[in-house]
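Peer 1: next one to model:
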Amino acid sequence: MSQNAHTLLLFFSKEEPFRKCLKVLRLLDAEKNDQAEELSRTWGVDFATPWNADWFNHCVSVTPKFIRVQYDTSSSYELPLELLQELFDAGLRVACLEVYYDQLGEYGHFHFMDSKLVDLDLMCNKYGLIRHILSEQFECDIEETEGHGYPVPASINKLIKERGKREEESAEMVDALVGLAKASRESGVDPLALAKSALVLRALVKGVLQGVGFGIITVLLFKGMWLWIGLSVVLTIVLPLIYVSKVSADFEDEPEEGGAVEC
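Peer 2: As a prediction, this is how the structure comes out:
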C-alpha cells in the first residue's frame, strides 16, 4: 500500500506557543491522549485529531528555532490546512512542509507565512535564514521541486473553502451516478440514454435562462427596448439549440475501426 511521507517544520513568533505546541506533541507521542486533548482544547489547536486519525509513524524533534514533526499518511491525504490555520491563530510564524509522494516518486514543498501559502522566495525575502534550514532539514533540494499545483499566494481559509467545494462536487457526482444506476435498473433503460436525456434537459434550461436573463438586463440598462426584447427572444431559441447540439455531439457513436468488409 502506497503512502506519503511528510516533514513539517514549525517556527513560532514567541516562546509560549512554542512550548505549548511541543508539550502537546510530546504528550501525543507518549500516547497520553487525554492530557494532550485537554491541553489542545485550552490552547485552541487540535493536534490530536490528525495525529490519531490520519497520521502514523510519528516522530517529533526540536531545536531552539523550530519544531520538526515527521509523519506518514495515506496517499489520498492532503495538506493539514485546518491545523495550520489554528496554529497561525495561536502564534505560528512560518510553517514549511515537504511531502514525498510514494506513488509518483516525487517531492512537493509547501511554504506558509502569515496564514497564507506563499512561494519560497517571498518567504526567504522576509526570513533569510530559513533557506539554509530547509536545505538541511528536507530530503529534496528546495530549488529543484516542481510546482505543487496550488495557487500562490493564497490564504489558508481560501484553500480550505476550495477543498470543501471539490469534496462537495465529488459527493454530488457520486450521488448522481448512484441515482443514474438505480433509475436504469428500475426502468430498464440504458444508463447512457438516461444521462443524455438529463443533459439535454439541462442544456434546454440553461439556454432559456441565459436568453431571458440577457433580455432582462439589456432592457433595464439600455435604450431600444423592442430591439433588446427581439434579440433576447432569438437567443432564447438559439442558445438551447446550440447547447443541445453539443450534448448530442458528445453522445454520438464514433465509427469503429476495423469494421467488416462487404464482399
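
Peer 1: distance of Arg93 from Ser40?
Peer 2: 20 Å (C-beta to C-beta, to the nearest Å). For glycine as for every other residue, the C-beta is placed from the backbone atoms N, C-alpha and C.

Peer 1: quick one: buried residues of stretch 110-118?
Peer 2: By 16 or more other C-beta atoms under 10 Å, the buried positions in stretch 110-118 come out as 110-113, 116-118.

Peer 1: over to stretch 152-160?
Peer 2: 156, 159.

Peer 1: residues near the spatially closest residue to Lys20 that is not a sequence neighbour, how many?
Peer 2: Sequence neighbours aside, Trp43 is the residue nearest to Lys20 in space, at 5.2 Å (criterion: C-beta to C-beta, 6 or more residues apart in numbering). Number of residues near Trp43 (other C-beta atoms under 10 Å) recorded here: 19.

Peer 1: how about Trp43, what does it touch?
Peer 2: 17, 20, 24, 90 (C-beta atoms under 8 Å, 6 or more residues apart in numbering).

Peer 1: now, the residues you listed that are in helices?
Peer 2: 17, 20, 24 (DSSP state H).

Peer 1: contact partners for the last one?
Peer 2: Pointing back at Val24 there. So Val24 contacts 36, 39-40, 43, 45, 47-48 (C-beta under 8 Å, 6+ apart).

Peer 1: hang on, the earlier thing: and Arg93 and Ser40? Which one has more around it.
Peer 2: Higher neighbour count among Arg93 and Ser40: Ser40, with 22 against 19, using other C-beta under 10 Å.

Peer 1: host element of that one?
Peer 2: helix 33-43 (DSSP states H and E).

Peer 1: right, and the helix or strand after that helix?
Peer 2: Using DSSP H and E, the next helix or strand after helix 33-43 towards the C-terminus is helix 48-53.

Peer 1: show me what counts as buried in that following helix.
Peer 2: 48, 51.

Peer 1: and stretch 35-45, by the same measure?
Peer 2: Applying 16+ other C-beta under 10 Å to stretch 35-45 flags 36-37, 39-40, 43, 45 as buried.

Peer 1: now it - C-alpha only, PDB.
Peer 2: What follows is stretch 35-45 as a C-alpha-only set of coordinates in PDB (Å, rounded to 0.1, in the frame of the first residue of the first chain):
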ATOM      1  CA  GLN A  35      -3.900  15.000  28.600                       C
ATOM      2  CA  ALA A  36      -3.000  16.100  25.100                       C
ATOM      3  CA  GLU A  37      -6.600  16.700  24.100                       C
ATOM      4  CA  GLU A  38      -7.300  18.700  27.300                       C
ATOM      5  CA  LEU A  39      -4.300  20.900  26.600                       C
ATOM      6  CA  SER A  40      -5.300  21.300  23.000                       C
ATOM      7  CA  ARG A  41      -8.700  22.400  23.900                       C
ATOM      8  CA  THR A  42      -7.400  25.200  26.200                       C
ATOM      9  CA  TRP A  43      -4.900  26.200  23.600                       C
ATOM     10  CA  GLY A  44      -7.300  26.100  20.700                       C
ATOM     11  CA  VAL A  45      -5.200  23.900  18.400                       C
END
